[in-house]
Every structure is written in structure tokens, then in C-alpha cells.
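*Asks:* Fold the following for me, if possible:
(2 chains)
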Amino acid sequence: MEFDLWRHWQALAALAMASAHAPESGSARATDGFAPLMDAAQRFASAAGSFFDGGSTGSTNAAQAFGNFLRDQFTDLYPLPWLKGFAAPSAAAASAPLEAPALGLTREHQERAQRTAEAWQRLVEAQRRLQRLWSDTLREAAAAFVSRLTPQAPSSSAESLNRLYDAWIDCAEEAYARMAHSEPFSDALAECVNASSDWRRETSATIEQWAKLLDLPTRSEINTLALRLRAAEGELASMRAQLEAAAPHSREHGAARADGQPAESRPRADRRSRADQPARQDRQTRTVAPKTRRRARRGKARP
Amino acid sequence: MSSVDLYAALVAARHCAPGCSAKEEVWRSGKMSLYRYSPIAEPTSEVPLLIVYALINRPYMMDLQEDRSLIRGLLSQGLTVYLIDWGYPDGADRFTTLADYIEGSLLRSVEEISRIHRCNALNILGVCQGGVFSLCFAALHPERVRNLITMVTPVDFHTSDDLLSKWVRKIDVTAWVGNGNVSGDTLNRLFLSLMPFRLTHQKYVELLRGGADRARIENFMRVERWIFDSPDQAGAAFREFVVWFYQENRLARNQLKIDGRPVDLKTLRQPILNLIGRRDHLVPPASSAALQRLTGSHDFTTLELDLGHIGMYVSARAQREVPPAIARWLAER
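*Replies:* Residues are numbered from 1 along each chain as shown, chains lettered A, B, ... in the order given. Okay, here's the model as predicted:
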């Protein structure tokens, strides 16, 4: 779900605009900023006007048309949030024959390309399923909305537009909640995420393969280093805790700040200024990996 | 209402900073900070209160602005308030686990406060995921927690109305997280997806419906900032939280272990105050209410308010009702 203030305001922001007066004479900047809003307001007002005109003559077609208008406005809303940022697969990956036997020197690379392409296909299919469910939701919401519209007395006042809008939101959320709680939605969503995870893993492996050829550092190598560092910090903390246990008074000293003073006793101004600054030396001197620390308290050293 | 006025008010409110109460950092470890808030009233309790916030969003929501500050409300009741700020994890924190947070940062924060106040046990107020951490901590270190307050805290993750839980049940979270962190943007999109029409449309229309009143716009912008100011989540801890709690419901099933030690809610004997939002769309009331039947505490109080998840700490009603209720409950104990 892309967060874009103006886009979010599109279409349904019109009701608020309807209560505004004549076109603003403000700065060009403000007018530019509100241009999409104005456009959406006009479209909404136009659709609502058609509905009210139809309503006055008892036409249900007008209500149906208004419901369809709202469906159209929300068709592109559905976010598929987990997929945002995914690029299309490379031509090679997309065209890799999924069932061709992988042979020869490059068989591992062929299989990886096949797995990548397969994951992408699953992802696309899951997206289609979600999009269908979203479409069903909007259809249900529009039907419920139209059924609420029929008995309404026609009026194009700002208050009526507000009520219309709230009714639409209620209908839409109710329909969405039914869909979102359903098994088909959970299944499609899980498949979508799982396929995207598989695609990312295979793509990452391909990129790392190229990085190694060029002798560039990879994320896997950095992870390994991070884990080693974490283990080393744990060992250090364990030894420190053992020292504290061996010399009980050192615990009190250990509680003091690195500058030699307990936090409580430092000048207030100093403390206040520290709060606005990044951590300094005490970060290193006081950070203790919890697992080894607790083990040490129990008298167990990390193996 | 003039759209030009509204636009001008929004522009003017762009840089509104959240936070209104004076505080000082008393301890720091890595990216985590422990803050103590300056008193604004005569102290009514010798036992400090530690607020444990969630990892998901920033804790300044507890002290957003003067008329929307749970912390200020607690301070005005004469309580001594501390707060853990978990910071913003980055790629170097990807292997940080729940044990690191609970048995590391949280435990050491409690030790630090205990040292400052020369007391053995504190009062703890856990919010949302921070409430889950607080429950785990209290079960692992009962001697360190005098009274426990949980606010909009999920306990049973498999209630029928828990949409998040339904969604993640079939997701391969280990593959999803991989070895990296989970971005705050992804989580934001996930949360917006829970009620997309209200959260991405209606609330902005509501903004349009109101006037260009400066205070209202500033409040809106501060909340807006908080909603989307979401730290990335340390990958290992996120994976553990989703799998252990959302998928396997270990806490409610008494199967949870942190750092190899069992977390049994039945061992909780402290007085517990459980604050529930009746309109909470993130943590269903039934999920929080389950705590009463799962805990061993015989002094259990439930306070259910007709509020949503966020409303529990920033709504006007919450400001009026929640801090006095907490202070009263603590004073009685």
C-alpha cells in the first residue's frame, strides 16, 4: 500500500471539498498541491450528482452506477504489500525451461535459474488469486452499498455526501473483513509471501555467485563475521561475569558508569546533554550478551 | 474550511516534534536507552514504574504532547517513571534474539533502576509487545516485579478474531525473514492492510472534514509521524516472536522457553492489572483477556475501556481515565 497523501485523498476527499466554498485564490503552491484533490472532488461530485438525479426518479441504475464508480476508484488500492519493490525476473530466469534436465558444468546454475523462474510463476499466480479476491470484495461492498442507497432521500448537500462516504467505508471494511478472515485469502497470501521468499533466496544466491567471481564481499560472509563477533562478545561477557562473581565488590564497581561515576551522581546538565548524544564509551564497556551472562551466573561457561 | 488554510496548517505542522516531558538517559546499551522522566508532582510511591514498550513502533507515543501523554498523566499522579527505548536496529543487529531483549536489555534495565532506587522489585507497565516481554520477564524473574500492568497485550494468539495471526499461520517465516531484518515499511503496510479503507482513506477525509485548527493538525501530524516511524525489526527476534507466539501460541500453551528457561504464566503471583481496548483491531480483547485464566495471580484486575489500540494511550478519554486508574491500583498495593 503505497503511502501517498494525495493519492489517498483522491476520489473520496471530494465530499470535504464539497463543503468548501468557491475555488480558492491561494498561492500557486497550495493550488498545485491540491490539484489532484480538486480533480478527484469533481469526479466524486459528478458521480454523486448522477446518483442523486437518478435517485429522485426512483432509478436503481443510478445507485448501481455509483457503486460501480466506487469500485473503480478502489480497484488499484489493493496493496499486495509484501510484494512491493519486487522487480520483474530477468529474461533468462523467466524463460528458463522449468522441467529441462540440468546437465554438465553449469547444472547447478541451471537448476537455480529454474527454481527462480518457478518461484516467480507461483508469485504471479498468487497475486492473481489475491487480486480476484480483492475484486470480489469490492463487488460485495458495492452491492451492500447500493442496497443502503436506495431508500435515501436525494440530496447533494455536504452532509449527504459525508453520509454516503461513511456508508461506503463501512460496507467496504465489512466486506474486506469477511474476505481477510477467510481461508482462501490466508492461503493466497501465504503462497504469495512464501513464493516471494523463495524467489528472493534464489536471486540472492545468483547475485552472490557473481560477487564471488568478482571477489566482492557478500552478505553471507558479513553474516558469518557478525556471528563470530557475537560469539566473541559472548565469551568476553562470560569472562567478565566470572570475574565479577569471583570478586563480589566488582559488581558494584561494574554498575558505575565508564566515567567512574554512577549515573545518579553525575551532574544533571551532563546527564541531560548525554541524552541528546549518541552513546559513547560505556556502550562497549557495559554491553553484555545475556545468554553467556546468565550462564556465567549459574557457573556455566560457554562451550 | 479553506483548503489553502488546511494546506498551510499542514505545512506549518510538518516538523512538530513529539514528546513533552523532560527526561534524562540513565543507562544505555548498544542502541537501547533507559530514560527516567523528571517528576512533576510530589511522589506518591517509592517503587519506580518501568514502561516496557513494543519493538514495533517508537515509544514517544507514550508522551506525544501535553494533552496526549500517558507518561505525563502518570507523572502527575506522583509516580516515578522510567522508559525503555529500544532504538532502531540495523543490519548489524539481525541476530539479536528475544533472549537478548528480555534477558539482556530488559533485565539490565531493571537491575539499573533497582540499583538507583535501592530496591529489589519494580512495578512494570508493558505495552503491546512490550507487555508480552514483561510477562516473560515477570515469569523468569518474579522477585524483580512487584506489580505488573499489561496494556493492550496479546496473550492468546489464536483467538478467532485475530487477523494477524490468521495471516501469518501458513507463512514460512524463517524463509521470509531469511538472515536479514524485517523493514518497518513492510510492517506498516501489513498494519494498514488490516483496515485499508479506514486507515488509508477515511482518516484523511476526516482530516479534511475538520478545520485548519492548529492544535488539531499538529496532533494529527505527530500521530502520523509515529505511525510511519517504524524501526526495522531485528530478524532473529522477529522470527522468534512470529513463530513462537503467533504461529505456535507457545505463551498460552505453556510451551514457551526464553534462553532455555520455561516461561510459565502460572508462576506469576504478583498483582496484575490488565488494560484492554474493546475496539482494538490489532490485539483482540479476547487475546488479552486470556491472561486471567492463564496466570497464577490471585490479585487480578481487568480494566476494559471502549478504546482502540492506539486510543488506549493517546485518546482524550485515556488521558482522563488510565493514569488515575493505574495510580490508584498501584497505591492500593
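*Asks:* now the helices: where do they sit in the stretch 151-300 of chain B?
*Replies:* Ranges of helices in the stretch 151-300 of chain B, per DSSP state H, counting those that start in this stretch, are B:163-168, B:173-177, B:184-194, B:196-197, B:203-209, B:214-228, B:235-240, B:285-289, B:291-294.
*Asks:* out of those helices, nearest to B:Tyr246?
*Replies:* Closest approach to B:Tyr246 among these is made by helix B:163-168 (5.0 Å; C-beta to C-beta). Yep, even glycine has a C-beta here, placed from its N, CA and C like the rest.
*Asks:* touching chain A at all, the closest one?
*Replies:* Yes: Helix B:163-168 is in contact with chain A by C-beta under 8 Å from any C-beta of the partner chain, via B:Leu163, B:Lys166, B:Trp167.
*Asks:* Just send those back as TSV, with neighbour count and pLDDT too.
*Replies:* Converted to TSV, the residues of helix B:163-168 next to chain A look like this (neighbours: other C-beta atoms under 10 Å in any protein chain shown; pLDDT from 0 to 100):
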residue	neighbour count	pLDDT
B:Leu163	18	96
B:Lys166	20	95
B:Trp167	20	96
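*Asks:* What is the nearest of those to B:Phe157?
*Replies:* Among the residues of helix B:163-168 next to chain A, and counting by C-beta to C-beta, the member closest to B:Phe157 is B:Lys166, at 10.3 Å.
*Asks:* May I ask which helix or strand encompasses the closest residue to that closest one other than its chain neighbours?
*Replies:* Taking C-beta to C-beta, 6 or more residues apart in numbering or on different chains, and ignoring the residues beside it in sequence, B:Lys166 has A:Ser186 as its nearest neighbour in space, at 5.3 Å. Here A:Ser186 sits within helix A:183-213, counting by DSSP states H and E.
*Asks:* by how many degrees do that helix and helix B:184-194 diverge?
*Replies:* Per axes from the mean of the first three to the mean of the last three C-alpha atoms, to 10 degrees, the angle that helix A:183-213 makes with helix B:184-194 is 170 degrees.
*Asks:* Run a quick neighbour tally on B:Thr44.
*Replies:* Other residues within reach of B:Thr44, judged by other C-beta atoms under 10 Å in any protein chain shown, total 12.
*Asks:* Not counting sequence-adjacent ones, nearest residue to it?
*Replies:* What sits nearest to B:Thr44 in space, not counting adjacent residues and going by C-beta to C-beta, 6+ apart, is B:Gly78, at 3.2 Å.
*Asks:* and the helices of the stretch 151-300 of chain B, which one is worst for confidence?
*Replies:* Mean pLDDT values for the helices of the stretch 151-300 of chain B show the minimum at helix B:203-209, a mean of 83.
*Asks:* Can that one be said to contact chain A?
*Replies:* Yes: among the residues of helix B:203-209, B:Tyr204, B:Val205, B:Leu208, B:Arg209 lie within reach of chain A under C-beta under 8 Å from any C-beta.
*Asks:* what packs against that helix?
*Replies:* If contacts are counted by 3 or more C-beta pairs under 8 Å, 6 or more residues apart in numbering or on different chains; DSSP states H and E, helix B:203-209 sits against helix A:5-9, helix A:14-18.
*Asks:* Lowest average confidence across these, which one?
*Replies:* If you rank the helices and strands packed on helix B:203-209 by mean pLDDT, helix A:5-9 sits at the bottom with a mean of 42.
*Asks:* Look up how far chain B lies from A:Ala211.
*Replies:* As judged by C-beta to the nearest C-beta, to the nearest Å, A:Ala211 and chain B stand 16 Å apart.
*Asks:* Surely that residue and A:Thr218 touch.
*Replies:* Yes: with contact defined as C-beta atoms under 8 Å, A:Ala211 and A:Thr218 form a contacting pair (4.9 Å).
*Asks:* This completes my enquiry, with thanks.
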